[in-house]
Each structure stands twice: as structure tokens, then as C-alpha cells.
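K.L.:
My questions are about this predicted structure, shown below with the sequence.
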Amino acid sequence: MHKPGEIRVIVLALIRDGERIFVSEGYDPTKQSNFYRALGGGVEFGEPSQVALEREFQEEIQAELTNIRYLTCIENLFIFNGKQGHEIIQLYQCDFADPKFYQIESLTFSETPERKHRALWIDIAKFKSGELRLVPEVFFDYL
């Protein structure tokens, strides 16, 4: 994990299929609530963000991406598990190269051996209605 007081540079993929988007489910122990965010991960020193994006998808869900298009940079200040976080997000729009990823209900992947996550397709309407929480909020500008 990153150190407290550190600004983290991450890359996220906005993968859309009609009226649904592909997200991972997170849980905030302090707020005792689930939240959802696009898949991606940290950019390593000397690594272009698009390369980081492709690497993260390979590592986490063994998926290849296609039609990769840079969207924007988002500065995200947030509180997670009672601690302040600060991320600079490079956001890309893309598609899965393999159509099988559009058929899956959900899949489980490990960021680290002790941290398992679920990735799944969710209707955008569920986020817009407030039934489910999508982070960061500014994501709505791109949906």
C-alpha cells in the first residue's frame, strides 16, 4: 500500500457496454458501506499510464484491452477507512478485446493475496439513482 501523506498516481478504465459499466466492489470498514469504482491500479515510476492500464488488466483479470482512448485527468481527494487519500487519476475509455468478458456475471480477483475483490457489470441507472455509490463522483461526467 502507499504511505500516508503520499499522492498516488493511478490509472482507471471506463469500460461501458450499453447502459452498464464494469466496476470493482470495495468496502469501507469505517463507513460500513460498499462502493464501486472502475478497474485499474497504480502507475509505476517510468511507466506511461496506458502501459500501466494494460498491465493492471493483465495481472488482475487476465484481460486484454482494445480501443484505448485517453479521456481526462481527475484529482481525487477522499476519506477511506477514516484516512485521507489523494489520487491523481488518468482515465481511459476502452473495451475488452475478448467478448467473453461481456458475458460474465462477476469475477473475483486479488490485488494482493489477502485482498480479494469482485468485478462486475452494473447498470449506470443504479449509480445515478443513488442506490449504489460510484467513486469518484466526477465519474458521472463521463457516463
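P.N.:
Perfect, I can see it now. Numbering: from 1, shown residues only.

K.L.:
Check which residues of the helix or strand of the chain with the lowest mean pLDDT are buried.
P.N.:
None of the helices or strands of the chain scores lower by mean pLDDT, DSSP states H and E than strand 106-112, at a mean of 83. For strand 106-112, the neighbour count (16 or more other Cβ atoms under 10 Å) marks F109 as buried. Every residue, glycine included, has its C-beta placed from N, CA and C.

K.L.:
ok, and what's touching it?
P.N.:
24, 41, 60-61, 116-121 (Cβ atoms under 8 Å, 6 or more residues apart in numbering).

K.L.:
L53 and A125: what is the separation?
P.N.:
26 Å (Cβ to Cβ, to the nearest Å).

K.L.:
pull the longest strand from the protein.
P.N.:
Criterion DSSP state E: the longest strand present in the chain is strand 65-80.

K.L.:
CA-only coordinates of that strand, as CSV, when you get a sec.
P.N.:
What follows is strand 65-80, C-alpha atoms only, in CSV (Å, rounded to 0.1, in the frame of the first residue of the first chain):
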residue,chain,number,x,y,z
LEU,A,65,-7.9,-4.1,-23.7
THR,A,66,-8.7,-2.5,-27.1
ASN,A,67,-9.9,0.8,-28.5
ILE,A,68,-8.0,2.6,-25.7
ARG,A,69,-8.7,6.3,-25.7
TYR,A,70,-7.5,8.8,-23.1
LEU,A,71,-10.3,10.8,-21.5
THR,A,72,-9.0,13.1,-18.8
CYS,A,73,-7.1,13.6,-15.6
ILE,A,74,-9.1,13.6,-12.3
GLU,A,75,-7.8,14.8,-8.9
ASN,A,76,-9.5,12.7,-6.2
LEU,A,77,-9.4,13.8,-2.5
PHE,A,78,-11.2,11.3,-0.4
ILE,A,79,-11.5,9.7,3.0
PHE,A,80,-11.2,5.9,3.1
